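Asks: sequence unavailable; structure follows:
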């Protein structure tokens, strides 16, 4: 028996599913019945028609994550589940910032903003301007701090989207799913 | 599709067509406002589809479970929306945890009313999501054939389970172009059977051939996989003693020479103690429930573990596995049998025999031959064996009555033990016995129930009466919630907090339902009373007054290791 307390860390769970009503609930209760919180959740269509990809961020031990993934894979509408640590992936979040155009135009060096924080302007109107950045949490957080004094009107951040570093042949595999059985690929 | 094959039918008729195509023999259910159209269609199909009107929806689903367990076929339930569906919840949860194939077809308010808090509207899809293998809401009649095909396929394939299909009222009455029914045998995201990996079979066989003290523990997977014969061949060639979980009972006969008894909390002494002595544990179609393992961190730590299971999520869930053998045991067992050496393990098996003797001396002898005048549950079950000769289907409820039944009953055949295992649903037995009788009409069905559990679905006496169902009911009456009382005695200083019961006159109650019955409390009258019960044609209720404060032993106290099993 391992007497050391197992290490909890962030795991990125990638779930490929069919796109059915109620599936989000089915996936969420795999976590909630164990009182595990979902830190971040992204779901969107994958590159294969009719198949969705979920990215779910969970803070747990590997043993628990492994069981969660097995349980997820057991769901009828789920095709395949993988989990990865942050070291195994490249991830990004998208953030948007809405600020009053008048203040921004007069008081902020917009050019500097765009350069330093990799921000882009999405919309400019008389009354407000929307900036957008893509990056990790700390990066998008920084821009909030910068814009806060200038009357930040609204801020929104997307869930994490994840690309797996070691995903050679992933797309191919996904296309093969329908022809293979559990355990044939791992 | 050929143009002339298309005909216009209603959604309700499509449901009936689906059930006929799926070879459904029987439906358990109750009509109501939101499934009245289904029942109207059923009226025209009553030649092909038998329907049993239950007295409560919970009784309906337990009957469907009993039917499925006795017959190996899919149980079907019809209920209306709202309370009709919520009354199913306990049964669905029970079927989920015990892997019972059931399809529940529930009525729902019309689609345009969904979400409006309409009369008898309940969001049963979201309520049942955690306790179904799959569920789906149909709002358009054209979906009915394909969705029901999927429902039956999912319920019965792989590791079976309950499926709920909620059909809105408008879909039931809507006419649509019906092109015939096609059974489902593939879903893109669903893999009911994992591929068998050859290397694991070989590695498992090597471990088995090397083992000096191997122990097989089997569960309901052997029965669900219809692999009883393959299992018997495997243990007979390997010579390995085999012990069973509550739901595995009966897969091989009770008196098979390699059958070393029941595992777990109230199981037999030898297999529990020797679980922590064996060098190889071979788990077949079982899921290491906590009632089987006791304290996990001192469970079989000395042993290597081979786990055969159709559900990959069970591997390493509770006990970490040395070699996982994914797959359907009907396929994996013969592959394994081919690679193992023929052995007898005589010395090792002798250990089981000598521990069994200890259990006889400390527990079994006194239970079956009590010194006091009071009857014990064990001696009643033992006497019932003399009449059933091990050929009956025993439907037990939950608690002491269940443990006594399963410990002391003789089972010669598979699908003879119907009980609520994982969920421990009191009130299961009476309706489950109704279903079991329809699932195996040629067999004797004997329901053994406590006085507490009997009152939890007592209304199904009405179903038994209306159908003159030949079920023998034995109430083991100790005027207590007996297992609760036992725990209170052992772990709460005999503080019997709300576990004693004032009961009605059960025989008079049966008589009100025109069911014959008798009550016995004297040992000298018991045999004769049992004989009368079995000779009686039709349903019969025998109430047996048993000792108020008897305990079920052996017992592994909650949180203790299997090897810490107590004989007293």
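Replies: Perfect, thanks for sending it. What you see is a predicted model, and the numbers here were worked out from it, not measured in a lab. Numbers count the residues shown, from 1 in each chain, chains lettered A, B, ... in the order given.
Asks: helices along chain A, start to end?
Replies: When secondary structure is read from DSSP state H, chain A shows helices at A:23-32, A:62-74, A:101-107, A:110-117, A:137-147, A:170-176.
Asks: select, out of the ones you listed, the one closest to chain B.
Replies: Chain B sits nearest to helix A:62-74 of all the helices of chain A, at 4.0 Å, using Cβ to the nearest Cβ. Backbone N, C-alpha and C define where each C-beta goes, glycine included.
Asks: do the closest one and chain B come into contact?
Replies: Yes. With Cβ under 8 Å from any Cβ of the partner chain as the criterion, chain B is reached by helix A:62-74 at A:66-67, A:70-71, A:73-74.
Asks: pull out the buried members of the residues you listed.
Replies: In the residues of helix A:62-74 next to chain B, burial by neighbour count holds for A:67, A:70-71, A:73-74, counting by 16 or more other Cβ atoms under 10 Å in any protein chain shown.
Asks: residue contacts, residue 109?
Replies: No chain was given, so I picked chain A. Applying Cβ atoms under 8 Å, 6 or more residues apart in numbering or on different chains to residue A:109 gives no contacts.
Asks: let's do chain B instead
Replies: For residue B:109, the set of contacting residues under the criterion of Cβ under 8 Å, 6+ apart consists of B:34, B:81, B:118-121, B:168-169.
Asks: quick check on it: phi, psi?
Replies: Listed backbone geometry of residue B:109 is phi -60, psi 160, with angles given as degrees, to the nearest 10.
Asks: count of neighbours near the closest residue to chain A within the stretch 451-568 of chain B?
Replies: Each residue of the stretch 451-568 of chain B has a distance to chain A, by Cβ to the nearest Cβ, and the smallest belongs to residue B:561, at 12.8 Å. A total of 21 residues lie near residue B:561 under the criterion other Cβ atoms under 10 Å in any protein chain shown.
Asks: residue B:355 contacts residue B:273, doesn't it?
Replies: Yes. Checked against Cβ atoms under 8 Å, the pair residue B:355 and residue B:273 is within contact range at 5.9 Å.
Asks: give the rounded mean pLDDT of stretch A:79-87.
Replies: Throughout stretch A:79-87, pLDDT has a mean value of 94.
Asks: equivalent analysis for stretch B:431-438, please.
Replies: Per-residue confidence for stretch B:431-438 averages out to 98 on the pLDDT scale.
Asks: what's next to it, contact-wise?
Replies: Taking contacts as Cβ under 8 Å, 6+ apart, the residues outside stretch B:431-438 that touch it are B:25-26, B:28, B:50, B:52, B:54, B:58-60, B:62-70, B:75, B:393, B:395, B:418-420, B:445-447, B:457, B:460, B:463-464, B:467, B:469-471, B:473.
Asks: the residue nearest in space to the middle of chain A and residue B:471, how far apart?
Replies: Closest residue to the average C-alpha location of chain A: residue A:160 at 1.9 Å, with Cα atoms, centre = their mean. In this structure, residue A:160 and residue B:471 are separated by 58 Å, where distance is defined by Cβ to Cβ, to the nearest Å.
Asks: can you give the domain ranges for the chain?
Replies: Going with chain A. Taking automatic domain parsing as the reference, chain A has its domains at A:8-89+A:165-179, A:90-161.
Asks: try chain B instead
Replies: Structural domains annotated on chain B: B:3-178, B:198-352, B:375-545, as defined by automatic domain parsing.
Asks: surely residue B:25 meets residue B:68?
Replies: No. Residue B:25 is beyond contact range of residue B:68, at 11.5 Å (criterion: Cβ under 8 Å).
Asks: look at the two and report which has more neighbours.
Replies: In this view residue B:25 and residue B:68 are compared by other Cβ under 10 Å, and residue B:68 has more residues nearby, 30 against 14.
Asks: that one sits in which helix or strand?
Replies: According to DSSP states H and E, residue B:68 maps onto helix B:57-71.
Asks: so what does that helix touch, helix or strand wise?
Replies: Helix B:57-71 makes packing contacts with strand B:26-29, strand B:75-79, helix B:83-86, helix B:89-97, strand B:102-108, strand B:417-418, helix B:429-439 when contacts are defined by 3 or more Cβ pairs under 8 Å, 6 or more residues apart in numbering or on different chains; DSSP states H and E.
Asks: what segments of the stretch 151-300 of chain B are helices?
Replies: Assigned by DSSP state H, counting those that start in this stretch, the stretch 151-300 of chain B shows helices spanning B:169-173, B:198-210, B:221-224, B:228-238, B:269-275, B:290-293.
Asks: deepest of the ones you listed, which one?
Replies: The highest mean neighbour count among those belongs to helix B:221-224 (a mean of 27), with neighbours defined as mean count of other Cβ atoms under 10 Å in any protein chain shown.
Asks: how about chain A, which residue sits the furthest from its center?
Replies: The C-alpha centroid of chain A is most remote from residue A:106, which lies 35.3 Å away (Cα atoms, centre = their mean).
Asks: how near is it to residue A:90?
Replies: Between residue A:106 and residue A:90 the computed distance is 38 Å (Cβ to Cβ).
Asks: pLDDT weak spots in the chain?
Replies: The chain I'm using is chain A. The model of chain A has pLDDT under 70 over residues A:1-4, A:177-186.
Asks: meant chain B, my bad for not saying
Replies: B:1-4.
Asks: ok, which residues in it are in contact with chain A?
Replies: Applying Cβ under 8 Å from any Cβ, one finds that chain B approaches chain A through B:125-126, B:129-130, B:133-137, B:154, B:187-191, B:193-195, B:197, B:297, B:301, B:311-313, B:315-317, B:326.
Asks: I figured residue B:518 was touching residue B:529, is that so?
Replies: Yes. Distance between residue B:518 and residue B:529: 5.4 Å, which falls inside the contact criterion (Cβ under 8 Å).
Asks: what touches both of the two?
Replies: Shared contacts of residue B:518 and residue B:529, defined by Cβ under 8 Å, 6+ apart, are found at residue B:542.
Asks: apart from its neighbours in sequence, what residue is nearest residue B:29?
Replies: Among residues not flanking residue B:29 along the chain, residue B:78 sits closest, at 3.1 Å (Cβ to Cβ, 6 or more residues apart in numbering or on different chains).
Asks: for stretch A:125-139, how far is the first residue from the last?
Replies: Between the opening and closing residues of stretch A:125-139 we find a distance of 25 Å, counting by Cα to Cα, to the nearest Å.
Asks: how about residue B:203, what does it touch?
Replies: Counting by Cβ under 8 Å, 6+ apart, residue B:203 touches residue B:323.
Asks: who's in contact with residue 80?
Replies: All of this is about chain A. When the contact criterion is Cβ under 8 Å, 6+ apart, the partners of residue A:80 are A:15-16, A:73, A:173-174, A:177.
Asks: look at chain B instead
Replies: Taking Cβ under 8 Å, 6+ apart as the test, what residue B:80 contacts is B:30-36, B:106-107, B:120.
Asks: my read is that residue B:213 contacts residue B:350, right?
Replies: No. With contact taken as Cβ under 8 Å, residue B:213 and residue B:350 are classed as non-touching, separated by 11.5 Å.
Asks: looking at those two, which one has more neighbours?
Replies: Between residue B:213 and residue B:350, counted using other Cβ under 10 Å, the more crowded position is residue B:213 (19 against 10).
Asks: would you mind measuring from the more buried one to chain A?
Replies: The spacing between residue B:213 and chain A, counted by Cβ to the nearest Cβ, to the nearest Å, is 21 Å.
Asks: that residue: what's it in contact with?
Replies: Contacts here follow Cβ under 8 Å, 6+ apart; on that basis residue B:213 touches B:274, B:277-280, B:345, B:348.
Asks: let's see that with 10 Å instead.
Replies: Each residue near residue B:213 by Cβ atoms under 10 Å, 6 or more residues apart in numbering or on different chains is listed here: B:240-241, B:274, B:277-281, B:302-303, B:345, B:347-349, B:351.
Asks: out of the residues you listed, which are inside strands?
Replies: In strands, defined here by DSSP state E, the members of the contacts of residue B:213 are B:280-281.
Asks: can you flag the buried ones in the contacts of residue B:213?
Replies: Of the members of those, the ones counted as buried by neighbours, 16+ other Cβ under 10 Å, are B:240-241, B:274, B:277-281, B:303, B:345, B:348-349, B:351.
Asks: good, we can wrap up now.
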